[in-house]
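Need the 3D shape of this:
(2 chains)
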Amino acid sequence: MRSELASLAWLAVTLGGYYLLKPLYRKRPRWWTSPLFTVPVLLIALGLLFGMNYPVYIRDTHWLVLMLGPATVAFALPIWRYRRLIRQHWAALLAGVLGGSTVAMSSAWGLATLFGLSGSLRLSLVPRSITTPLAMLVSADIGGVPDLTALFVVITGVAGIALGELLLKYLPLRSALARGALFGVGAHGAGTAKAWDVGAEEGTIASLAMVLAGLLNVLAAPGVAWLLR
Amino acid sequence: MKTLHARMRLLDRRHPRLALLVQVLLLVVLCAVCEYVVRAWRLPVPGSVLALGVLLLMLACGVVPMSSLRRGADWLLAEMLLFFIPAVMAVSQHAALLRAEGVRIVAVILIGTVLVMTATAFLVDLVWRWRQKHHAQ
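So this is what the prediction gives:
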């Protein structure tokens, strides 16, 4: 009975913390104001104070994670809305998504090997650049741990906002297309939110690039699994 | 079918909150049905991706107009961060591993992300400039 109440309380704190802390990001969009960073920090702080038991925490909050499925389905609308943009820039988008995804997966694998990480940990790092619901699917497919991948995706997102901002300053990029794809392929949803701050065209391209990179990764997963085995 | 779409539009205008709920529910149901189909037929794609494909097809054929799902889809995409906060909390399950390997993991992610972003941006810029020159001639 007590654990059931605690479970509900954690759900309430997660929801409350999210809606309370979200306006902060809207006012000052930086990596350390993102709800992806602030809410887990709040939850961990409360967990240290009152004691957190993960199975109790996840019992009611797993409903939120299940909503990632319908959220993936919702990507159909931006794809359809921007079909003209896809048709117009398909070559550049395809090059960015294909090349970027290849670099993402091979750099994760290569760097992990270089730093002496191996096994399911290394596999969990491979799909970290794409959007969470799809990354978790790919991770399960290739033999990683989906929970760990979700965490790595989040770190990538938070780091990607800061790194992307820095790179835009120093890379000699001519097109909004390139600036958008940088965020969409490199830092999924978190980067896309940042790209919308840079400009509407950048944001649109970033959303598109994120979806396309995610889908490409899912479709490529069986092949990648075979390669890495 | 036409009157249904008209009703959805009316609902969207008159009761935006109720429309939002209905639209999100529709997407949840579509996703659930596709998850079931994938499991029953042992398809090699994830259910949510199949549902995405089905929805795209329906949009392309005009079976479902964008206006009758837009509010729900925008909401799901806007609140996506919320949905993966619980997934992040699984960190506590892997605390020992992260304490031992955390620095190396963060190094892989930081260096990797710089590589991915740089490669993607340069590739897109390259193709864009090439096409620009080509179309100009």
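
A:Gly100: which element?
According to DSSP states H and E, A:Gly100 maps onto helix A:83-114.

so does that helix get close to chain B?
Yes: using C-beta under 8 Å from any C-beta of the partner chain, we find that helix A:83-114 touches chain B at A:89, A:91-93, A:95-97, A:99-100, A:103-104, A:107-108, A:111-112. Placement of C-beta: from N, CA and C, glycine included.

Who are the packing partners of that helix?
Counting contacts by 3 or more C-beta pairs under 8 Å, 6 or more residues apart in numbering or on different chains; DSSP states H and E, helix A:83-114 packs against helix A:119-125, helix A:176-198, helix A:200-228, helix B:95-136.

For that helix, which residues meet the burial criterion?
By neighbour count on 16 or more other C-beta atoms under 10 Å in any protein chain shown, the buried set for helix A:83-114 is A:89, A:92-101, A:103-112.

ok, residue 18 - contacts?
With no chain named, the answer covers chain A. A:35, A:39, B:81-82, B:85 (C-beta atoms under 8 Å, 6 or more residues apart in numbering or on different chains).

looking at chain B here, not the other one
B:Leu11.

Next: B:Val64.
The contact partners of B:Val64, by C-beta under 8 Å, 6+ apart, come to B:55, B:58.

Got the confidence number for it?
On pLDDT, B:Val64 comes in at 84.

what secondary structure does it sit in?
Taking DSSP: H, G, I helix; E, B strand; the rest coil as the rule, one finds B:Val64 in the coil state.

Report how many residues lie close to B:His15.
Look at B:His15: counted by other C-beta atoms under 10 Å in any protein chain shown, it has 12 neighbours.

can you pull the contacts of it?
By C-beta under 8 Å, 6+ apart, B:His15 has no neighbours at all.

What ranges in chain B fall below the confidence cut-off?
Applying pLDDT under 70 to chain B picks out residues B:1-2, B:136-137.

The residue nearest the centre of it: what's it in contact with?
Among the residues of chain B, the one closest to the centroid is B:Leu77, at 6.6 Å (C-alpha atoms, centre = their mean). Taking C-beta under 8 Å, 6+ apart, we find B:Leu77 in contact with A:71, A:74-75, A:78.

from those, which is closest to B:Trp130?
Nearest to B:Trp130 out of the contacts of B:Leu77 is A:Pro78 (C-beta to C-beta; 26.5 Å).
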